[in-house]
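Student: here is a sequence with its predicted model. Questions after.
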Amino acid sequence: MKPRDLPEKAVRPVVNESGIEVKPLYTAADVEASGGAGMIGLPGEFPFARGIHSMMYRKQPWTMRQYTGFGNAADTNKRFHYLIANGQTGLNVAFDLPTQCGMDSDDPQAEGEVGRVGMAVDTLRDVEIAFEGVDLERITVSLTINGAAAILIAMYLAMAEKRGYDLAKLRGTAQNDILKEFVGRGTWVYPVEPSIRLVGDTIEYCAAQAPKYSPVSVCGYHIRESGADPAQEMAYAFCIAKAYADDVIRRGLPVDEFAGRLSFNFNCFGNLFEQVAKFRAGRSLWAKIMKEQYHAVKPGSMWLRMIAGGGGGGLTFEQPELNIVRGAYYALICALSGTQTMALCCYDEAYTIPSEYAQRISLRTMQMLIEEMGLADTVDPLGGSYYVETLTNQMRARMEAIMAEVDAQGGIVKMVAEGAIQAKVSAQAYKRQRDIDAGTFRKVGVNCYRTEDKTPEMEFHPYKDEDARAQVQALEMVRAERDAARVQAALARVQADARSGANLMPAIMDAVKAYASVGEITNELVGVFGRYREPVRF
Amino acid sequence: MNPGKRIKIVLAKPGLDGHDQGAKVVARALMDAGFEVIYTGLRQTPEAIARIALDEDADVIALSSMAGSHLPVCRKLKPLLEQAGLADKLWVIGGNLPAQDHDALRALGFSGIFPSSSKLDDIINYIRTHAP
């Protein structure tokens, strides 16, 4: 029996997370009614809905880049080498919270947090140790750092330079998306305006000095984790990316000089078709924005280059072994979506820092898609599906409507500064939690198909206070050995440039090369910029 | 407790942990349940939490911890709350709290422990039953 022959009541209504009604069957007429096939095109050609490259994974599979870092730089270096030995093709560095918040390991507020959720970095010395033995041309490195991004980018570039790499050819990425930190994740330091200036400084500096380096990875990811729906995730990320682009363009840099190095980070949990449509829609919308609003000419400026994956918000504390299966579906979504880079949250991540074992399972999951399942053979395999093309058109329209709404309310910077985006997504997160508790939003193992069987044993990542003390001692040693006068002069220049409005990166580069610490440089900037005060709005 | 008096809860994010989705969800649930909620925002030191709880005359001190520093935070907070004369208030904590740490948290005075996967109504009912 065809669905349309059923009595109306018998077909259950389905509305996806982005608020789009899902039909039981799609035909060519639905593609037409949703806007037609005009935006589909070919991979490697504007508007890039099907992929930014013509051959995509057939030429080069996605980069595999599991998020890793803990303890001190030497501990993390060991895990890096373990992952590379197991076939990982990129690195994605996790920093501890003091580093992320611009504090040294001996800061009173850092007590109990040094090396806990990521690697502790105080000075360039730590960065040198972390990447020992890693071939930075073969393995690209992504730094998950935001509030302290300018400093960590400077440390990474300084380390690479010291090892003899040519900065003009060096590839790599920093997350460096401070606006989303105000919405979710929370590792802000300075108020909103100077924070945006610092992002602009890194983009401007890298465009001139390290033109292959991606200084920003704009994250819809964490906004989604904070409660945004998939269409909002991408729409808000585009609003934020535009805010950074506008800052740099105001400085006089032409769009084609930097837009090609903007990159993005998106989440992947949820409905498979909605997710795939989200990525395809987003790719064509970003190309359209860059071409029509920014008058970009180079195709690279229009590319939505991204890391997709994670999916932490979809993983469950209950029956954690099911997260291995969820992770596999999430990887499939990302592969069907044409991402450049993939990372997966591990099955034990709702409990602890992932074990080597769990990391390897995630890595093997991705490798299986390439080696066994044919996901690297054909570009955009869902392209042309009536359902996916219709949904892609509908998702694009939803994203455009959300972006117009943000503009009408004064723009993303104002809305973030006032806490309006935060209040909106947190209200949605509350509604979602109520729906999960009530069983109206289904999560397997949580509100349906529960089991009373014991949870499998987890290997908890150890935290040792003596490791934190060792990190503080190492910092004290660097402080004792470095040229104090050179450090003082470099820090004075950081402060002066913060006041004058000059690009801060040259001064920060000098300071990190003199082994000034993350906390020392941050404090100079706080002295000029002040600290962010969080608006609490419900 | 005094009938008719609204239960007042100070809900704090201690330490540097920036994961506030859960804390904000719980804050909304507690408000919807009729409690008065003071949400502190991120990066509160133990000293600040004790001071806010005292200034606000809180009946309940609630913490949200997602990044693993719950034990060092609670060890520092316990004497500060006691010095502030808040030992008879209800202390609760939620977040990423491994089962093997629950006894230690109870011993530190945190009687209500709500690890990831706790239901909102269970948190509400616990506070309604146990608030002083």
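Tutor: Cool, the structure landed.
Student: list the buried residues for the host helix or strand of A:R499?
Tutor: Secondary structure assigned from DSSP states H and E places A:R499 in helix A:484-500. In terms of neighbour count (16 or more other CB atoms under 10 Å in any protein chain shown), helix A:484-500 has its buried residues at A:487, A:490-491, A:493-495, A:497-498. (C-beta placed from N, C-alpha, C; glycine too.)
Student: ramachandran coordinates for B:L16?
Tutor: phi -100, psi 0 (degrees, to the nearest 10).
Student: check the one 3 residues further on too.
Tutor: B:H19 adopts backbone torsions of phi -80, psi 100, taken as degrees, to the nearest 10.
Student: do you know the pLDDT at it?
Tutor: The model reports B:H19 with a pLDDT of 96.
Student: sorry, back to before: reformat the buried residues of helix A:484-500 as a markdown table; add distance to A:V248.
Tutor: Shown next, in a markdown table, are the buried residues of helix A:484-500 (distance: CB to CB, whole Å):
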| residue | distance to A:V248 |
| --- | --- |
| A:V487 | 30 |
| A:A490 | 25 |
| A:L491 | 26 |
| A:R493 | 23 |
| A:V494 | 21 |
| A:Q495 | 23 |
| A:D497 | 17 |
| A:A498 | 18 |
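Student: that older thread, what's the next helix or strand after the helix holding A:R499 in contact with?
Tutor: Proceeding N to C from helix A:484-500, the next assigned helix or strand is helix A:505-513, under DSSP H and E. The contact list for helix A:505-513 (CB atoms under 8 Å, 6 or more residues apart in numbering or on different chains) reads A:123-124, A:150-151, A:153-155, A:157-158, A:201-202, A:204-205, A:209, A:487, A:490-491, A:493-494, A:496-497, A:520-521.
Student: now do 7 Å
Tutor: For helix A:505-513, contacts defined as CB atoms under 7 Å, 6 or more residues apart in numbering or on different chains pick out A:124, A:150-151, A:154-155, A:157-158, A:201-202, A:205, A:490-491, A:493-494, A:497, A:521.
Student: and if you look at stretch A:121-138?
Tutor: A:73-74, A:76-77, A:80-81, A:95, A:99, A:104-105, A:119-120, A:152, A:155-156, A:158-160, A:165, A:170, A:475, A:478, A:512-513, A:515, A:517-518.
Student: same check, this time on stretch A:376-395
Tutor: Residues contacting stretch A:376-395 (CB under 7 Å, 6+ apart): A:18, A:20, A:26-28, A:30-31, A:34-35, A:37, A:39-40, A:43, A:49-51, A:55-58, A:61, A:231, A:273-274, A:276-278, A:280-281, A:336, A:338, A:370.
Student: so is the most centrally placed residue in chain B in a helix, a strand, or just coil?
Tutor: Of all residues in chain B, the one closest to the mean position by CA atoms, centre = their mean is B:A62, 0.9 Å from it. The three-state assignment at B:A62 reads strand, by DSSP: H, G, I helix; E, B strand; the rest coil.
Student: roughly how far apart are it and B:A99?
Tutor: Taking CB to CB, to the nearest Å as the measure, B:A62 falls 20 Å from B:A99.
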